[in-house]
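Participant: Need a 3D model of the following:
(chains A and B)
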Amino acid sequence: AQSVTQPDIHITVSEGASLELRCNYSYGATPYLFWYVQSPGQGLQLLLKYFSGDTLVQGIKGFEAEFKRSQSSFNLRKPSVHWSDAAEYFCAVDTGNQFYFGTGTSLTVIP
Amino acid sequence: DAGITQSPRHKVTETGTPVTLRCHQTENHRYMYWYRQDPGHGLRLIHYSYGVKDTDKGEVSDGYSVSRSKTEDFLLTLESATSSQTSVYFCAISEGGLAKNIQYFGAGTRLSVL
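Facilitator: Take a look at the predicted model:
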């Protein structure tokens, strides 16, 4: 069965430190991949997406993600985290006929 | 929130009562979706619509019904609310269906069933 795994439920980083949030998917072919961010009390906002082509994609707010087919991964990165990045992050997979969300990773940023 | 309005934003109701949540969009997008968000589960699709009067079930559709009589409105109804339906409900829209179509989300409705 298709699935999306975000192995880290919660991550804490210091402001200015680098960040990597992990996402693995289980699907026979290459799906379409997304990262969304949810601030407290808000809906989900698209950070970036991967459909095809360059496996390193740039998104909003200084985020990037790299698709690695061999590892079935689509990890989200940011070189220097800001306090305003504290939020919940969701990886999502579109297989073409179903859309699956991961369970989310909650990010805390400490000064 | 991409021209998506969910109402109400918060609701408290009692077990066994009917509840209707509304999603209104101003984008004229064809597809609309209802998700529920629960800790440890991420977002799960309840129902979706691919046009006026055209709807289909999602992953967790039991206990829910939907209606779409106009392009801009998608209603989610809990015919007889249960405590297990306490959740945060999100509406989403997209121009097309799946396969490369980005979904845009509303701000959510927090529902508590006592």
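Participant: host element of the residue nearest to the spatial centre of chain B?
Facilitator: Nearest to the mean C-alpha position of chain B, by Cα atoms, centre = their mean, lies B:Trp34 at 2.6 Å. Using DSSP states H and E, B:Trp34 falls within strand B:31-38.
Participant: Report all helices and strands that that strand contacts.
Facilitator: With contacts defined as 3 or more Cβ pairs under 8 Å, 6 or more residues apart in numbering or on different chains; DSSP states H and E, the packing partners of strand B:31-38 are strand B:19-25, strand B:42-51, strand B:64-70, strand B:73-78, strand B:87-94. Quick note: C-beta positions are derived from backbone N, CA and C, even for glycine.
Participant: among these, which is nearest A:Phe101?
Facilitator: Nearest to A:Phe101, of all the helices and strands packed on strand B:31-38, is strand B:42-51, at 4.0 Å by Cβ to Cβ.
Participant: Output that closest one as CSV, restricted to C-alpha atoms.
Facilitator: This file holds the C-alpha atoms of strand B:42-51, laid out as CSV (Å, rounded to 0.1, in the frame of the first residue of the first chain):
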residue,chain,number,x,y,z
GLY,B,42,-2.0,13.8,9.6
LEU,B,43,-4.8,14.8,7.2
ARG,B,44,-7.2,12.2,5.9
LEU,B,45,-9.5,12.7,3.0
ILE,B,46,-13.2,12.4,3.9
HIS,B,47,-15.0,13.3,0.6
TYR,B,48,-14.2,15.2,-2.5
SER,B,49,-16.1,16.8,-5.3
TYR,B,50,-15.1,17.1,-9.0
GLY,B,51,-18.0,19.3,-10.0
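Participant: And it, what does it pack against?
Facilitator: Under the contact definition 3+ Cβ pairs under 8 Å, 6+ apart, strand B:42-51 sits against strand A:99-101, strand B:31-38, strand B:54-57, strand B:64-70, strand B:73-78.
Participant: coming back round to it: deepest of the helices and strands packed on strand B:31-38, which one?
Facilitator: Highest mean neighbour count of the helices and strands packed on strand B:31-38: strand B:87-94, a mean of 23 (counted as mean count of other Cβ atoms under 10 Å in any protein chain shown).
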